[in-house]
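In: heads up, no residue letters with this:
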């Protein structure tokens with residue numbers, strides 16, 4: 001298919017209609033008629049471009065040295081402040097440790113003072129439980145001939161504190177678990 005001539009095309013706006021269509025074989029187009037229509041094209045050649053030049057005597061030297069104002073305290077001062085802060089922190093920790101040690105000693109002295117009272121209460125509770133166990137043992141074993149109630153299972157004359165199993169042998173399972181594990185909660 002052949003391209004129609006430029007005169008057969010509808011008129012375009014302004015100077016665009018003068019642009020020759022691209023030639024498929026050469027890949028170029030002509031701007032000749034275009035430059036004749038530009039009103040300022042004739043004046044463009046008359047003006048000379050003024051090139052920027054350095055001032056007479058040349059430019060001054062370039063200031064490339066570091067010129068920052070001094071701000072803040074010096075490195076030695078910062079180091080001294082850091083050492084002072086560390087020393088103050090260590091002093092505070094030592095003071096706090098001394099106070100904690102005093103409180104620990106006070107707690108230990110209170111425990112030592114209360115230990116005989118707590119031991120006496122525990123002994124009374126154990127003796128009361130042993131007496132209840134002996135009463136129940138007498139009721140349970142009354143029909144067994146030759147059974148001596150309260151006879152020690154240990155062959156010694158020395159006092160042996162009763163074990164938890166011996167104390168809670170005649171109690172319910174719940175009481176035994178509570179005595180063994182205290183107030184431990186299981187999930």
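Out: Sure, I can see it. Note that the structure is a prediction, hence the values are computed from the model and not measured.
In: For residue 134, see how far away the residue nearest the centre of the chain is.
Out: By CA atoms, centre = their mean, the chain has its centre lying nearest to residue 89, at 24.2 Å. Distance of residue 89 to residue 134, given as CB to CB, to the nearest Å: 64 Å. (Glycine included, C-beta is placed from N, CA and C.)
In: give the contact list for residue 89.
Out: By CB atoms under 8 Å, 6 or more residues apart in numbering, no residues touch residue 89.
In: Give me the secondary structure label for it.
Out: Secondary structure for residue 89, judged by DSSP: H, G, I helix; E, B strand; the rest coil, is helix.
In: Could you do residue 145 as well?
Out: What three-state DSSP gives for residue 145 is coil.
In: tell me the contacts of it?
Out: Contacts for residue 145 (CB under 8 Å, 6+ apart) come out as none.
In: and it, what pLDDT?
Out: We note a pLDDT of 91 for residue 145 in this prediction.
In: Got phi/psi on it?
Out: Main-chain torsions, residue 145, degrees, to the nearest 10: phi -70, psi 140.
In: What's the separation between it and residue 137?
Out: 15 Å.
In: what does residue 127 give?
Out: Relative to residue 137, and taking CB to CB, residue 127 is found at 15 Å.
In: again with residue 97
Out: Residue 97 is 55 Å from residue 137, by CB to CB.
In: Between the two, which is the more surrounded one?
Out: The neighbour comparison of residue 97 against residue 137 (other CB atoms under 10 Å) goes to residue 137, with 16 against 10.
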